[in-house]
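Asker: For reference, the sequence and a predicted model appear below.
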Amino acid sequence: MFTIRRAQDRGHANHGWLKTHHTFSFADYYDPAQMGFRSLRVINEDVVAPGQGFGMHGHKDMEIVTYVLEGELEHKDSMGNGEVLRPGEFQHMSAGTGIRHSEFNPSELESVHLYQIWLKPEKAGLAPSYSQKAFAIDGRQNRWQVVASRDGREGSLVIQQDATIELANLSAGISLEQHLAAGRHAWLQVLRGELTLNGQPLGTSDGAAISEESRLTIAAEQPAEVMLFDMH
């Protein structure tokens with residue numbers, strides 16, 4: 001069973017310095033039918049103008065992952081971390097008992113285009129933590145690359161939830177399969193390009209909630225980049 005979430009149906013706001021699309025209810029966008037999927041609570045696609053960003057703000061009891069498509073994002077937090085996230089790098093922050101951070105576009109010329117995703121943690125009150133890693137692009141060319149998981153397998157970042165996040169870059173005409181174990185669910189987010197999911201067409205920024213399926217076939221009609229969540 002598939003439920004398609006088209007890019008144009010998402011919540012949207014243009015704040016001048018920030019253009020944002022919300023897959024699920026977030027900030028001033030509220031739709032009781034779009035409150036998340038399984039442990040996924042937020043999928044935001046943001047474009048932040050040069051020299052702009054999010055000032056210091058707090059989070060609690062949430063697993064926050066960030067992936068930059070274009071540009072750079074500077075991160076600072078209350079644990080003393082100060083990093084710059086670049087395209088192809090994956091960042092995880094476990095907010096746990098509480099953390100404050102800021103996100104800023106340090107460029108004077110280029111916007112930064114990113115996805116920020118929140119997952120509910122397995123339990124509340126965890127110790128806050130931060131991690132970031134650059135994953136080799138050839139590790140996801142026409143194959144799945146695990147970037148985050150509960151057990152940290154294949155060198156992935158460790159998240160505090162029974163979920164696995166994988167990335168893949170597909171060349172035109174290439175198909176990938178993914179098998180889902182009984183009782184598992186998935187969310188597919190198209191980051192770039194066009195493809196079909198078990199024959200159903202999806203375009204850039206479209207998403208799909210997947211349940212009661214054992215095999216997924218993703219076929220790229222043009223070069224595409226996708227992110228897949230496997231959840232209980």
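Answerer: Everything's here; your move. Residues are numbered from 1 along each chain as shown.

Asker: which residue is nearest the centroid of this structure?
Answerer: Geometric centre of the chain, nearest residue: Ile117, 4.5 Å, by CA atoms, centre = their mean.

Asker: Tell me, how many residues neighbour the closest residue to that one other than its chain neighbours?
Answerer: Once its chain neighbours are removed from consideration, Ile117 has its nearest residue in Val65; the separation is 4.8 Å (CB to CB, 6 or more residues apart in numbering). In this view, the C-beta of every residue, glycine as well, is placed from N, C-alpha and C. Using other CB atoms under 10 Å, Val65 is surrounded by 24 other residues.

Asker: Would you enumerate the residues in contact with Val65?
Answerer: Contacts for Val65 (CB atoms under 8 Å, 6 or more residues apart in numbering) come out as 90-93, 116-119, 148, 157, 159, 165.

Asker: same check, this time on Gln116
Answerer: Taking CB under 8 Å, 6+ apart as the test, what Gln116 contacts is 42, 44, 46, 64-66.

Asker: likewise His113?
Answerer: Contacts of His113 by CB under 8 Å, 6+ apart are 45-47, 68-71.

Asker: Give me the secondary structure label for it.
Answerer: Taking DSSP: H, G, I helix; E, B strand; the rest coil as the rule, one finds His113 in the strand state.

Asker: before we move on, back to that, quick one: the residue nearest to the centre of the chain from Thr20, how far?
Answerer: 13 Å (CB to CB, to the nearest Å).

Asker: Common neighbours of the two, please.
Answerer: Asn44.

Asker: Next, count neighbours for the residue nearest to Trp17 when sequence neighbours are not counted.
Answerer: Leaving aside its chain neighbours, Trp17 sits nearest to Gln52 (3.9 Å; criterion: CB to CB, 6+ apart). By other CB under 10 Å, the residues close to Gln52 number 15.

Asker: Could you report the separation of Gln52 from Thr66?
Answerer: Gln52 is 16 Å from Thr66, by CB to CB.

Asker: now swap in Ala172 and tell me
Answerer: 28 Å.

Asker: Doesn't the residue nearest to the centre of the chain belong to a helix?
Answerer: No - under three-state DSSP, Ile117 falls outside any helix and is assigned strand.

Asker: For it, give me its contacts.
Answerer: If a contact means CB under 8 Å, 6+ apart, then Ile117 has 40, 42-44, 64-67 as its contacts.

Asker: what would the residues you listed look like in JSON lines with secondary structure and pLDDT?
Answerer: Shown next, in JSON lines, are the contacts of Ile117 (DSSP: H, G, I helix; E, B strand; the rest coil; pLDDT from 0 to 100):
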{"residue": "Leu40", "secondary structure": "strand", "pLDDT": "98"}
{"residue": "Val42", "secondary structure": "strand", "pLDDT": "98"}
{"residue": "Ile43", "secondary structure": "strand", "pLDDT": "98"}
{"residue": "Asn44", "secondary structure": "strand", "pLDDT": "98"}
{"residue": "Ile64", "secondary structure": "strand", "pLDDT": "97"}
{"residue": "Val65", "secondary structure": "strand", "pLDDT": "97"}
{"residue": "Thr66", "secondary structure": "strand", "pLDDT": "97"}
{"residue": "Tyr67", "secondary structure": "strand", "pLDDT": "97"}
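
Asker: Averaged pLDDT, the helix or strand containing His75. What do you get?
Answerer: Taking DSSP states H and E as the definition, one finds His75 inside strand 73-77. Mean pLDDT, strand 73-77: 94.
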